[in-house]
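Participant: can't give you the sequence, but here's the structure:
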């Protein structure tokens, strides 16, 4: 899991005007199909958010299929990977279903004040988590 992923490029550039109604890129459709057709744990790096100036501390956002704690099954997931000093500290694994509801809320219903409340509330709680054993596929999706 410690391997550094490289970006996946499909010509789709991020834009602040994108909406959920737009047609998904060929890259994401391919990843969705791969996740649906396999039970093997595999992740793709969607993006990275630096936490310091040099980027050695960051949160990587990964998507794909993650194993359960006991390793007996896998499930579609979003993984927030905390990296400090270039080393993986922990993975926060969230099932794709609740993430989709949260994103729908953020994109369609929430106002700035309520988003700040949500951020303040969730930032007040820290839980320990585990790193997961899933291969990172290719690199970053653009």
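Facilitator: Ah, there it is. What you see is a predicted model; the values in this text were computed from it and never measured.
Participant: So which residues of the protein form strands?
Facilitator: Remark: strands of the chain, listed N- to C-terminal, are 42-50, 58-67, 74-84, 87-95, 135-140; assignment by DSSP state E.
Participant: May I see those strands arranged in a markdown table, with mean neighbour count and mean pLDDT as well?
Facilitator: C-betas here are computed from N, CA, C, even on glycine. Putting the strands of the chain into a markdown table (neighbours: other Cβ atoms under 10 Å; pLDDT from 0 to 100) gives the following:
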| stretch | mean neighbour count | mean pLDDT |
| --- | --- | --- |
| strand 42-50 | 18 | 94 |
| strand 58-67 | 21 | 95 |
| strand 74-84 | 19 | 95 |
| strand 87-95 | 15 | 92 |
| strand 135-140 | 16 | 70 |
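Participant: Need those strands in JSON lines (columns: distance to residue 23).
Facilitator: Output for those, formatted as JSON lines (distance: least, Cβ to Cβ, whole Å):
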{"stretch": "strand 42-50", "distance to residue 23": "18"}
{"stretch": "strand 58-67", "distance to residue 23": "18"}
{"stretch": "strand 74-84", "distance to residue 23": "21"}
{"stretch": "strand 87-95", "distance to residue 23": "25"}
{"stretch": "strand 135-140", "distance to residue 23": "21"}
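Participant: Quick one: closest of those to residue 116.
Facilitator: If you check each of these against residue 116 by Cβ to Cβ, strand 42-50 wins as the nearest, at 17.8 Å.
Participant: That closest one: how far from the chain's middle?
Facilitator: Relative to the mean C-alpha coordinate of its chain, strand 42-50 is positioned 6 Å out (Cα atoms, centre = their mean, to the nearest Å).
Participant: Adjust the sequence numbering to begin at 58 for everything that follows.
Facilitator: Understood, numbering begins at 58; the last thing we discussed is strand 99-107.
Participant: Report all helices and strands that it contacts.
Facilitator: Strand 99-107 sits against helix 83-94, strand 115-124, strand 192-197, with contacts defined as 3 or more Cβ pairs under 8 Å, 6 or more residues apart in numbering; DSSP states H and E.
Participant: redo that, cut-off 6 Å
Facilitator: Other helices and strands packing on strand 99-107, by 3 or more Cβ pairs under 6 Å, 6 or more residues apart in numbering; DSSP states H and E, are strand 115-124, strand 192-197.
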